[in-house]
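Q: Sharing a model that was predicted from the sequence below.
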Protein chains: 2
Amino acid sequence: MIAGTWRMALEGVSKGAHMLATGASAGDAVTEAVRAVEDYPLYKSVGLGGLPNGACQVELDGAFMDGDTLDFGAVAAVKDVKNPVSLARRLSTERFNCFLVGAGAEDFARVELFEMCNMLTERAKRAFEIRSRKVRESNLSPYDGHDTVGVVALDSSGSMACATSTSGLFMKRPGRVGDSPLCGSGLYADSRFGAAVATGLGEEIMKGVLSYETVRSMGEGLDPDSASRRSLKSFIDRRIQAGRRVGAISILCCSRDGRVGVATNVEFSFVIARRDSPAKVYLVSPDGDGVKIQEAPVEWLEAYERRIKLPPEEVF
Amino acid sequence: MIAGTWRMALEGVSKGAHMLATGASAGDAVTEAVRAVEDYPLYKSVGLGGLPNGACQVELDGAFMDGDTLDFGAVAAVKDVKNPVSLARRLSTERFNCFLVGAGAEDFARVELFEMCNMLTERAKRAFEIRSRKVRESNLSPYDGHDTVGVVALDSSGSMACATSTSGLFMKRPGRVGDSPLCGSGLYADSRFGAAVATGLGEEIMKGVLSYETVRSMGEGLDPDSASRRSLKSFIDRRIQAGRRVGAISILCCSRDGRVGVATNVEFSFVIARRDSPAKVYLVSPDGDGVKIQEAPVEWLEAYERRIKLPPEEVF
């Protein structure tokens, strides 16, 4: 089984599911699933077409974790790298220097013959211009949109893996790193227990180390829903008690026996595919301490397709 | 009470202890303690005089966490910033962009009027030259020396904080980030439970999210020694079972009632100061599943003082 955060994971999760069905490893499946999202220019928070930082540069974060070994690799604040997730996976095989940022990561990518290209699209540039003007004119917060694609998978041999990729907060400060490339925060996998990925305001997610806490709780015997919800709720309660606002957070996880769990404090969507069931999109909304989940209606899916193709003026 | 990793924390911990005795907060005490280590040029793995990366650049990581609120800030792979820990602490007050790396972090430091200077000393440059030659001539692993200063404190109002600072792995790849600036890996503090910092091979520490796991275990009721040792041992067992070598790891932690715990798989030293007892250096060595601890003998302390002042040719 394979699952990913947000509707944008649909095509990648489908691809990963086909790979798993023909015997691919969880590591290969999550990597290819995330690459598919990185490559599609209309997904505005990941890879090519990702929204730029405050200096109109697309700076990307990505990570990979192997649940069998705990091998981990990550990159952050990299420019011009076409597939950050593949670079992260390559780094996960290194005993030293498994997490590289900025120009150092870019230099490593070049030496390792990774494809480099300008990740800023015409559309993302236009979004930046529109948003910059609105921020100046109407005192709007510049920080909006921080959807990470995170994918977890369990393969036929019982191995688990997870991966993330994001362009981070729209209009972020150059060099800003969120939770997505941080082991334990944006992702964690241990094939003995499960795997988890997070999306939302990374500055908050990292303070709660929420992916690790979710996986660890599954190791304690909690089912995936309970594990992710307890992690999220106890963190939110803790921050509110300290007088802080938490922002949007969603957690998607999978137990070692293939059950999927989700926790969120905002409207959220995710995708699951299983051996006996093709990739489907689900909509989730918070509901008391739990969530309400429904399969995405056709109208919702069609509206999504239309929305991502609207002229930038109508979106940003 | 205040405690720090390695003998190099001695002067800083002493300073922090004096501050705590006159009513300073845990946050102020750990920040000043770490600054003192950053400022001393003969400590070769932190701040000024820190050993350079493989391109002979001193790239620094630092972080700060407030255990009352879980506010967290960090910088990684920054050059020319005299006190990374203070920059990290400044960032911990930001709701967005609390973790900055590379040139973006340096630009933020300039705008915020932080002191910038060349962090490469004559001595560290010489060390780089000597080590580079040896690596070329004798096939030596370039990666050696990765001692992070990590400080935890508990103040008179029951608040806890922790901070870290390091130049990371000697000869690391440019842009490499270890565990030290990562929330949950290099450090974690929650005043309800305790605080922990880690030092050693960051690539490993982050895979186990060891500081978070240690603090969380104290929250479960474990004493600090048991919490840090269980965290370390279960991680090491897990990695060995996966066929991996773990490298050096040490964890220093403090419970909410001021008890200190330590776990290590290598020779390690640390410093504690309490209201009724001035800063003292302790030597720790692994001993079965536990450790042997002794106060550092005068001869050891004198040998240390001599060693850090030896000509680079005799050290590297």
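A: In hand now; what should we look at?
Q: wait, isn't residue A:47 in contact with residue A:164?
A: No - look at residue A:47 against residue A:164 with C-beta atoms under 8 Å: they stay out of range, at 11.6 Å. All C-beta spots, glycine's among them, are computed from the backbone N, C-alpha and C.
Q: which of the two has more neighbours?
A: Remark: of residue A:47 and residue A:164, residue A:164 carries more neighbours, 34 against 27, as counted by other C-beta atoms under 10 Å in any protein chain shown.
Q: give me the beta-bridge partners of that one?
A: On the basis of DSSP bridges, residue A:164 is bridged to residue A:63, residue A:150.
Q: Report the contact partners of residue A:178.
A: A:61, A:146, A:148, A:166, A:168-169, A:186, A:201-203, A:205-206, B:99 (C-beta atoms under 8 Å, 6 or more residues apart in numbering or on different chains).
Q: which residues does residue A:64 contact?
A: Taking C-beta under 8 Å, 6+ apart, one finds A:27, A:30-31, A:72-74, A:85, A:88-89, A:91-92, A:161-163 in contact with residue A:64.
Q: Okay, and which of these map to helices?
A: A:27, A:30, A:31, A:85, A:88, A:89, A:91 (DSSP state H).
Q: Please tell me the pLDDT value assigned to the first one.
A: Per-residue confidence at residue A:27 stands at 98 (pLDDT).
Q: secondary structure class for the residue nearest to residue A:7 when sequence neighbours are not counted?
A: Using C-beta to C-beta, 6 or more residues apart in numbering or on different chains and skipping residues adjacent in sequence, the residue nearest residue A:7 is residue A:269, 4.7 Å away. Using DSSP: H, G, I helix; E, B strand; the rest coil, the structure places residue A:269 in strand.
Q: Just list whatever residues bridge to residue A:269.
A: residue A:283.
Q: can you map out the helices along the stretch 151-300 of chain A?
A: A:202-208, A:210-219, A:224-241, A:298-308 (DSSP state H, counting those that start in this stretch).
Q: in what helix or strand does residue A:124 lie?
A: Taking DSSP states H and E as the definition, one finds residue A:124 inside helix A:122-138.
Q: For ChimeraX, write the select line for the buried members of the contacts of residue A:178.
A: Listed next is the ChimeraX selection for buried residues among the contacts of residue A:178, using 16 or more other C-beta atoms under 10 Å in any protein chain shown:
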select /A:61,146,148,166,168,169,186,201,202,203,205,206 /B:99
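Q: which among the contacts of residue A:178 gets closest to residue A:21?
A: Relative to residue A:21, the closest of the contacts of residue A:178 is residue A:148; by C-beta to C-beta it sits at 25.9 Å.
Q: which residues touch that closest one?
A: A:5, A:45-46, A:164-166, A:178-180, A:186, A:197-200, A:202.
Q: so what's it scoring on pLDDT?
A: 96.
Q: dump the residue contacts of whichever residue of the stretch 1-150 of chain A sits closest to chain B.
A: Per C-beta to the nearest C-beta, residue A:104 is where the stretch 1-150 of chain A lies closest to chain B, at 2.0 Å. Residues in contact with residue A:104 (C-beta under 8 Å, 6+ apart) are B:77, B:102, B:173, B:174, B:175, B:176.
Q: returning to that earlier point: and the helices of the stretch 151-300 of chain A as JSON lines, adding distance to chain B?
A: Output for the helices of the stretch 151-300 of chain A, formatted as JSON lines (distance: least, C-beta to the nearest C-beta, whole Å):
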{"stretch": "helix A:202-208", "distance to chain B": "4"}
{"stretch": "helix A:210-219", "distance to chain B": "5"}
{"stretch": "helix A:224-241", "distance to chain B": "6"}
{"stretch": "helix A:298-308", "distance to chain B": "25"}
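Q: Is it possible to get CSV of those that adds mean pLDDT?
A: Shown next, in CSV, are those (pLDDT from 0 to 100):
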stretch, mean pLDDT
helix A:202-208, 98
helix A:210-219, 98
helix A:224-241, 98
helix A:298-308, 97
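Q: To residue B:228, which of these lies closest?
A: helix A:210-219 (16.3 Å).
Q: in that closest one, what counts as buried?
A: In helix A:210-219, counting by 16+ other C-beta under 10 Å, buried: A:210, A:211, A:212, A:213, A:214, A:215, A:216, A:217, A:218.
Q: Stretch A:218-238 too?
A: Buried, per 16+ other C-beta under 10 Å, within stretch A:218-238: A:218, A:222-232, A:235-236, A:238.
Q: Spell out which residues of the stretch 51-200 of chain A are next to chain B.
A: A:68-72, A:76-77, A:94-105, A:107-108, A:143, A:169, A:172-178, A:182-185, A:188, A:190 (C-beta under 8 Å from any C-beta of the partner chain).
Q: Local confidence estimate at residue A:288?
A: 87.
Q: just the one 3 residues further on next, same as before
A: Residue A:291 carries a pLDDT value of 95.
Q: low-scoring stretches of chain A, by residue?
A: A:144-146 (pLDDT under 70).
Q: residue contacts, the closest residue to residue A:188 other than its chain neighbours?
A: Excluding its sequence neighbours, the residue lying closest to residue A:188 (C-beta to C-beta, 6+ apart) is residue A:211, at 4.1 Å. Contacts for residue A:211 (C-beta under 8 Å, 6+ apart) come out as A:184, A:185, A:186, A:187, A:188, A:196, A:197, A:198, A:205, A:251, A:253.
Q: where along the stretch 1-150 of chain A do the strands fall?
A: Assigned by DSSP state E, counting those that start in this stretch, the strands in the stretch 1-150 of chain A fall at A:2-5, A:60-66, A:72-78, A:99-101, A:149-154.
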